[in-house]
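Visitor: coordinates only, sequence not included:
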């Protein structure tokens, strides 16, 4: 199985320090939807792992989050692809959960869902916490420069981290080399 794990905000859609609180604020980054669809059509299994502490903070409700994910699925579907799984952590940073990145709970859940060995699976994120969650279970860390990616580049990255301009560049690389 060719499995790819993606962070959401800053990788697939625009990010905001004020949180993405509605479907109207959920705006795909240029080329991201097409990249997911192209990978899906080429046989990749696409999973999303996203911290959504805005739920715990009361900035939006579960129905709104689900509507954002329906929109993601709709847009990818329009291009002939699909997102195979969306896992989210609804907790705040002080809730002592194991699913909130940088902890690997969501990534492990994706591995269980697809009965996949996560070693070497590419995990694409825009922040150090994304990369750390993947590294904890042996994923290949991949940083994109979108979202918080440029800020993350200013910090030391884990050894072996691959860096791409955006999700479209990741997809081009994977499609040319798989």
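Guide: Perfect, I can see it now. All of these numbers come straight from a predicted model, not from anything done at the bench.
Visitor: Tell me the strands beside whichever strand in the chain runs longest, with direction?
Guide: In the chain, with assignment by DSSP state E, the single longest strand is strand 44-51. Strand pairing for strand 44-51, using DSSP bridges, gives strand 2-6 (parallel), strand 85-89 (parallel).
Visitor: Buried residues, the helix or strand following it. List them.
Guide: The helix or strand immediately downstream of strand 44-51 is helix 54-57, counting by DSSP states H and E. Residues 54, 55, 56 are the ones in helix 54-57 that count as buried (16 or more other Cβ atoms under 10 Å). C-beta here means a position set from N, CA and C on the backbone, and glycine is covered the same way.
Visitor: Pipe these into TSV and attach distance to residue 140 and pLDDT per row.
Guide: Below are those laid out as TSV (distance: Cβ to Cβ, whole Å; pLDDT from 0 to 100):
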residue	distance to residue 140	pLDDT
54	28	96
55	29	96
56	30	96
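Visitor: what sits up against the longest strand of the chain?
Guide: Contacts with strand 44-51, where a contact means Cβ atoms under 8 Å, 6 or more residues apart in numbering, come from 1-9, 12, 36, 39-40, 69, 72, 81-89, 100-101, 106-107, 110, 113-114, 123, 129-130, 133, 174.
Visitor: In strands, which of these fall?
Guide: 2, 3, 4, 5, 6, 85, 86, 87, 88, 89, 123.
Visitor: Deepest in the core, which of the strands paired with strand 44-51 is it.
Guide: strand 2-6 (a mean of 23; mean count of other Cβ atoms under 10 Å).
Visitor: wait, what's in contact with the nearest residue to residue 68 once chain neighbours are set aside?
Guide: Residue nearest to residue 68 in three dimensions, not counting chain neighbours: residue 26, with 4.5 Å by Cβ to Cβ, 6 or more residues apart in numbering. Residues near residue 26 by Cβ under 8 Å, 6+ apart: 13, 20, 68, 71, 72.
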